[in-house]
Every structure is written in C-alpha cells, then in structure tokens.
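K.L.:
Dropping a prediction and its sequence here:
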Amino acid sequence: MTITRFAPSPTGLLHLGHAYSALFARSAAGPEGTMVLRIEDIDTTRCRMEFETAIIEDLHWLGLDWPCPIRRQSEHLVDYHAALDRLRHAGLVYPCFCSRSDLAAAAAAPHGVGPLYSGTCRVRSAAARAALLETGPPPAWRLDVAAAIHRTGPLSWRDLDHGAVAAEPQRLGDVVLGRKDIGTSYHLAVTLDDALQGIDIVTRGADLFEATHIHRLLQGLLDLPVPVWRHHRLLHDPSGKRLAKRDGATALRALRESGRNADDIRAQLGF
Ligand SMILES: [Zn+2]
C-alpha cells in the first residue's frame, strides 16, 4: 500500500496552491493508498495553533481525510535532536557561530539555490571550536557536506517524472541541520519524518527539487529507507507571481465564503 503525505506549516491559511499540493499527494497514493497529514510546526516563532485548526477544517472541506493521530513535528524534537547527535558523534556536523550579517557579507555567488555557505566555521581548529562552544553564543550546526559525501559514496534517487537523478548535495553546500533556536531544521526533520511515517512517495512542489539532493544524503548517513519523489508544478496568479499565504485572495476560506464549493475547486485544479 502506497503512503504519501501532505505536510503544511501552520503559518497562515491554505490557498489554492496548497489545495493543489494536497490533492496531488492524495492522488499519488492511488485509490488503495493512504495520504497522511503532518503538521510542520518546528518554527515556533511563526506557527500558530489557530492556523492548524483552520488547515484541518479546509482540508476536510476539500473532501480529504487521513489516519489519526496526525504527526506534529513540535512533539518530536527529541527525535530530531537524537539524529543530530548521531551526526555530531560521527564528526559530520560542525558548530557555526556566524551571525546573520557575517553570512550576508561572506555569501558566495548565488547558485540558483541561494548563496552557499563560505565555510568559515568548518576550518576552525578543534581547540578554537571547543573554546567557542564553552563561551560563545549558541551555534547552529552545519552539515560538512564534503565529509558526508566521502562517508556515503555516490548516491542517486528516483523522481517518478524525471527518472534517475545523481545526488549532488554539494550544490547546496554546508546546510544548517540544527538551527540555533530550535536545534533542528527543515532538512533534518522532514527526512526523519518521511522515514518514520513510512512514506513511499514524497510529493512536494518543484521549488523543493534541489533539497532532495540533501535529503538523499541524510538518508544515506542515517541508514533510512529511500522513498521515490514527485515534484509538482507551482501555481501562479494571473500576473505570474507564485501564490503566497500573504495574498488572501486565493485562500480556500475566502473562496468558500464567496460561494465556491469543493467540487469546483477540485475541477479547477484538475482533480
Ligand atoms: Zn559559521
């Protein structure tokens, strides 16, 4: 039985783009399969319970259902911290003490996926690192991507629409796996959750295609099962701008209040 997931962050109301993503995940699971719902609420500064309630209501209105209980990332921080510890003991992550302004100043040329980290903190001596850990501000923890690739050897992954893809995690550089404030990150949490929830087909927007290189590497480092992926198109407004939570016009709630029904929305989105 195929298991897919829809994994919104409760930082605003769902709009048509989310509806497309949720229906895409449901459809990828097939009639016999299951879509699970995961609430990606590790960013405690931006997530709010009222949005989670609204998300659940809007998805039910769209005609979607999922097994209970739902998984909330905020309830599993200990799992993410344990995985980060494992990588720390293996010498595959290092503490980064750079401030936001250091990072902006040192940013290398843009690379399509955002500026790559310059590696300032990777080359620090063990003694200097230990001293900073003792007395410095709380660090972020970055993946030493070169050491990690050395550990796993060459990897590949399969996208059901693009075929076999050679993993090139170096394209994203030494990404943060443990943020200063929450001790984890999107990359680490999502990779662990997909494994823990037995996801066979990871579906998500094309904007996350590049992140898959890193997620495949983390699966190799943490001995996790490897799913297949599908990356769907992103919806845009008539001016060509990607739909965003801050423009309320396509919020499912607003559409519902304007008299649209769920069948309309599903048909509009091609489901
Ligand atoms: Zn740094």
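P.N.:
Thanks, I have it.

K.L.:
and the gap between residue 161 and residue 231?
P.N.:
Using CB to CB, to the nearest Å, one obtains 7 Å as the distance from residue 161 to residue 231. No exception for glycine: its C-beta is placed from N, CA and C like everyone else's.

K.L.:
which secondary structure element contains residue 81?
P.N.:
helix 77-89 (DSSP states H and E).

K.L.:
so what secondary structure elements neighbour that helix?
P.N.:
strand 140-143, strand 176-178, helix 186-196 (3 or more CB pairs under 8 Å, 6 or more residues apart in numbering; DSSP states H and E).

K.L.:
Neighbour count for residue 161 and residue 231, which is higher?
P.N.:
residue 231 (21 against 9; other CB atoms under 10 Å).

K.L.:
residue contacts, whichever residue of the stretch 151-271 of the chain sits closest to the ion?
P.N.:
Nearest residue of the stretch 151-271 of the chain to the ion: residue 174, at 8.7 Å (CB to the ion). Counting by CB atoms under 8 Å, 6 or more residues apart in numbering, residue 174 touches 96, 116, 117, 119, 122, 142, 143, 144, 145.

K.L.:
Can you name the residue of the stretch 101-250 of the chain nearest to the ion?
P.N.:
Counting by CB to the ion, the stretch 101-250 of the chain gets nearest to the ion through residue 121 (3.2 Å).

K.L.:
burial count for residue 187?
P.N.:
18.

K.L.:
so it sits right up against residue 175, yeah?
P.N.:
Yes. Counting by CB atoms under 8 Å, residue 175 is a contact partner of residue 187 at 5.8 Å.

K.L.:
Just the pLDDT for the residue most central in space within the chain.
P.N.:
Residue closest to the average C-alpha location in the chain (CA atoms, centre = their mean): residue 186, at 4.5 Å. Predicted confidence (pLDDT) for residue 186: 95.

K.L.:
before we move on, the earlier item: among the helices and strands packed on helix 77-89, which is nearest residue 5?
P.N.:
helix 186-196 (7.2 Å; CB to CB).

K.L.:
Buried residues of that closest one, list them for me.
P.N.:
186, 187, 188, 189, 190, 191, 192, 193, 194, 195 (16 or more other CB atoms under 10 Å).

K.L.:
got a list of what the fifth one touches?
P.N.:
Contacts here follow CB under 8 Å, 6+ apart; on that basis residue 190 touches 7, 40, 215.

K.L.:
Looking at the residues you listed, spot the one nearest residue 58.
P.N.:
For those, the nearest to residue 58 is residue 7 (14.9 Å; CB to CB).
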